[in-house]
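Only the shape, not the letters, is given here:
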């Protein structure tokens, strides 16, 4: 019998600890634990951040996990749409719209060099093709034959379109090639017309799998076909026929997942092609068909993605020696006092937070203050004056709480500042004006803090704190608003969303501050007020908030990378006017109003960003 050295050409290492760097299949003996250990290669799908727009099917899309896109499609056939969404590996953001709404189209290429073609637009089969540079779509040329539910392979400058649906009830056999400026008809027709098939690979080495054949398509084709740049040939057979599916990879190394197996229903199953045979691969968490797109169709199959089909759910594919744990929110222990309009030490951490003041039903507000140690909230000395809808910054042991509203001694926005040193509260400098419901509700440190906007106005006022006094600075917000969220420092801040005075809607405004001037940035994904912010100017997170118009941001979160906003996993408890602190990958939200201004929560949730760890296992004889 062959031993490990015969198989691998290596001896089993004798180590006191697991090595930090290994390769798949390597075996070693851990003398400390007395076990034989190895690192395994695994394939798995994991949940990603949801898409921005309404649920969609039959969209076009492609690109690697960190530069993906999808465009067009429909919320229901044939309700076609024109919008484009872009994925950066952690969340979706909005891109430029297609020239026309279309569904049943195909797409190839990464986000900055994409091509979309075919489909159905305004009830008619389309021959249009459009190139995308990451921001704008342009129409260079039309396909020789318009087709719907078309199949694809290749790149923007070397694309392949094959099959699809004709205007009549028949499936198309045509193959068309694009060279970056012109479409030409290939003499290599498919042996039988197919549509809704999985396609991947390159223009001269493409793979087609499954699909649907009309007329009389009662059994889905199981054929696997190769294209060599001129001719299609049979390469194998799918284990089970499926259609409304997508694939990614190369002609000899491809993944197909989801779809609709014969005779009906949605599938979670994943299969992998090695150039000779199909075998079972990782399954999707959610069954779907008509999914938007998957992976880089002409590249390696170590990573990929799928979205829609229908819905907005995204799943990511990883073939790796690491175990990937997607980012997610998790519930922690509750605060002692449920409330809304709480103030936070905004630059504290997930495991050392502080929340104070708030509204529990009385217009006097409450003075209660609590600290969090990563597990439990504990009451600390109350703030000397009760109020709510104030701001805050600093850390758990050097916190500053300012402004807010109360009816004590009379109904007004307050100019009070209180400082916490870890054991006692003291009175700090007086705000330039009584303010509450800040647009930028605090960021920075005890000796270098910032707030901006709020009620009762001026809604654009910006004030800085130096540890003892406040100064009104010339740099005013560009857009007046209140009840926004903020994160960052005194010289590198973000103020986002909120409520525009006199308007029933909630803006998508986002502005950055450099210590002198506020500058508009790209808009947020969700418009809301009373959200919770955390992080830095180039790596921030904004959670929840209430909105008067869809999409409702009650359980959504979004991230900011210094330029663009993108979607992030949703949390559990619907809330607004809550507290927030931490970082983009280790955030904390707590308390808030829930379904109405008179319903409060003491719920706490923690966000942990995506992590990976070596997939090391103990080998046994069982």
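Noted; the coordinates are in hand. No experiment lies behind these values; they were computed from the predicted model shown.

ok, how many other residues are close to the nearest residue to residue 237 once chain neighbours are set aside?
Among residues not flanking residue 237 along the chain, residue 222 sits closest, at 4.9 Å (Cβ to Cβ, 6 or more residues apart in numbering). Glycine gets a C-beta too; all of them are placed from N, C-alpha and C. Residue 222: 17 surrounding residues under other Cβ atoms under 10 Å.

how close does residue 222 sit to residue 261?
Distance from residue 222 to residue 261, counting by Cβ to Cβ, to the nearest Å: 10 Å.

who touches both of these two?
Residues touching both residue 222 and residue 261 by Cβ atoms under 8 Å, 6 or more residues apart in numbering: 240, 241.

Show me where the chain has its helices.
4-8 (DSSP state H).

so what pLDDT did the most centrally placed residue in it get?
Most central in the chain under Cα atoms, centre = their mean is residue 91, positioned 2.0 Å from the mean C-alpha point. Model confidence at residue 91, given as pLDDT, is 94.

Need the nearest residue in space to it, chain neighbours excluded.
For residue 91, ignoring the flanking residues on the chain, the nearest one in space by Cβ to Cβ, 6+ apart is residue 566 at 3.2 Å.

Check the burial of the one you found by counting its neighbours.
22.

try the one 4 residues further on
When neighbours are defined as other Cβ under 10 Å, residue 570 has 17 of them.

Show the contacting residues for the closest residue to it other than its chain neighbours.
Nearest in space to residue 570, with sequence neighbours left out and distances taken as Cβ to Cβ, 6+ apart, is residue 555 at 4.5 Å. Taking Cβ under 8 Å, 6+ apart, we find residue 555 in contact with 544, 570, 571, 572, 573, 574.

which of the residues you listed has the most neighbours?
Busiest of these [other Cβ under 10 Å] is residue 544, holding 30 neighbours.

need the contact list for that residue.
528, 530-532, 553-557, 571, 574-576, 578, 589, 592.

Any stretches of the protein with poor pLDDT?
For the chain, applying pLDDT under 70 flags the ranges 1-10, 76-79, 217-219, 262-264, 292-300, 504, 548-553, 622.

what domains does the record give for it?
4-41, 44-319, 331-608 (automatic domain parsing).

Report the distance from stretch 433-447 to the chain centre.
Relative to its chain's centre, stretch 433-447 lies at 29 Å (Cα atoms, centre = their mean, to the nearest Å).

Just the buried residues of that stretch, please?
Counting neighbours by 16 or more other Cβ atoms under 10 Å, one finds that the buried residues in stretch 433-447 are 433-446.

same question, stretch 532-551
So for stretch 532-551, counting by 16+ other Cβ under 10 Å, buried means 532-537, 539-547, 551.

try stretch 216-225
For stretch 216-225, by 16+ other Cβ under 10 Å, it's 217, 220, 221, 222, 223, 224, 225.

And that stretch, end to end?
21 Å (Cα to Cα, to the nearest Å).

Check stretch 524-541 too.
11 Å.

when you give positions from now on, start the count at 17
Shifting the count to begin at 17 puts that one at stretch 540-557.

how near is residue 586 to residue 635?
For residue 586 relative to residue 635 (Cβ to Cβ), the value is 39 Å.

The stretch 517-638 of the chain: strands as residue ranges?
All strands of the stretch 517-638 of the chain, identified by DSSP state E, counting those that start in this stretch, fall at 526-529, 534-536, 548-552, 555-559, 573-576, 581-584, 595-598, 602-606, 620-624, 627-630, 632-635.

returning to what we had before: looking at the buried residues of stretch 449-463, spot the one nearest residue 293.
Of all the buried residues of stretch 449-463, residue 459 has the smallest distance to residue 293: 56.9 Å, by Cβ to Cβ.

follow-up on the earlier one: what separates the residue nearest to the centre of the chain from residue 339, distance-wise?
For residue 107, the distance to residue 339 (Cβ to Cβ) stands at 21 Å.

Residue 85 now?
28 Å.

now swap in residue 586 and tell me
From residue 586 to residue 339 the distance is 23 Å (Cβ to Cβ).

Residue 306 now?
30 Å.

likewise residue 324?
Using Cβ to Cβ, residue 324 is found at 26 Å from residue 339.

Counting neighbours, go ahead and name the busier of the two.
residue 324 (25 against 16).

Just to check, residue 277 is in contact with residue 226?
No: with contacts counted by Cβ atoms under 8 Å, residue 277 stays clear of residue 226, the gap being 9.1 Å.

which of the residues in stretch 264-280 are buried?
264-267, 269-278.

Over to stretch 112-126?
112, 114, 116-126.

same deal with stretch 27-40?
Taking 16+ other Cβ under 10 Å as the criterion, stretch 27-40 shows 28, 38 as buried.

now stretch 609-622
609, 610, 616, 617, 618, 619, 620, 621, 622.

got it, and stretch 504-522?
Neighbour count says stretch 504-522 has 504-506, 508-516, 522 buried, by 16+ other Cβ under 10 Å.

Tell me which of the domains of the chain approaches residue 630 most closely.
Per Cβ to Cβ, nearest to residue 630 of the domains of the chain: domain 20-57, 5.8 Å.

Are there residues contacting both of residue 277 and residue 226? Which ones?
Contacts common to residue 277 and residue 226, judged by Cβ under 8 Å, 6+ apart, are 236, 257, 258.

Could you export those as CSV, including distance to residue 405?
Below are the shared contacts of residue 277 and residue 226 laid out as CSV (distance: Cβ to Cβ, whole Å):
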residue, distance to residue 405
236, 59
257, 60
258, 55
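
Closest one to residue 147 out of those, please.
Within the shared contacts of residue 277 and residue 226, the smallest distance to residue 147 is 30.4 Å, found for residue 258 (Cβ to Cβ).

In the sheet, which residues pair with the closest one? Tell me.
Applying DSSP bridges to residue 258 gives these bridge partners: residue 277.

cool, and residue 153?
Applying DSSP bridges, one finds that residue 153 bridges with residue 148.

Could you report the neighbour count for it?
Residue 153 has 20 nearby residues by other Cβ under 10 Å.

Check whether it really touches residue 99, as I assumed.
No: using Cβ under 8 Å, residue 153 makes no contact with residue 99, being 11.0 Å away.

which residues do those two both contact?
87, 113, 114.

so residue 397 touches residue 437, yeah?
No: in this structure, residue 397 is not within contact of residue 437 by Cβ under 8 Å, at 10.7 Å.

before we move on, back to that, which of the strands of the stretch 517-638 of the chain sits closest to residue 481?
Comparing those under Cβ to Cβ, the one sitting nearest is strand 526-529, at 13.9 Å.

Give me the contact list for the closest one.
With Cβ under 8 Å, 6+ apart, strand 526-529 has contacts from 456, 466, 468, 478, 491, 493-495, 504, 507-513, 534-540, 553, 576, 581.

just stretch 175-183 next, same as before
120, 122, 124-125, 131, 133-134, 141, 159, 162-170, 187-194, 199, 206, 209-211, 213, 215, 218-219, 222, 224, 227, 230, 243.

of the residues you listed, buried ones?
120, 122, 124-125, 131, 133-134, 141, 159, 162-170, 187-194, 199, 206, 209-211, 213, 215, 218-219, 222, 224, 227, 243.

Which ones among those lie within strands?
Of these, the ones assigned to strands by DSSP state E are 122, 124, 131, 133, 141, 167-170, 191-194, 199, 215, 218, 222, 224, 243.
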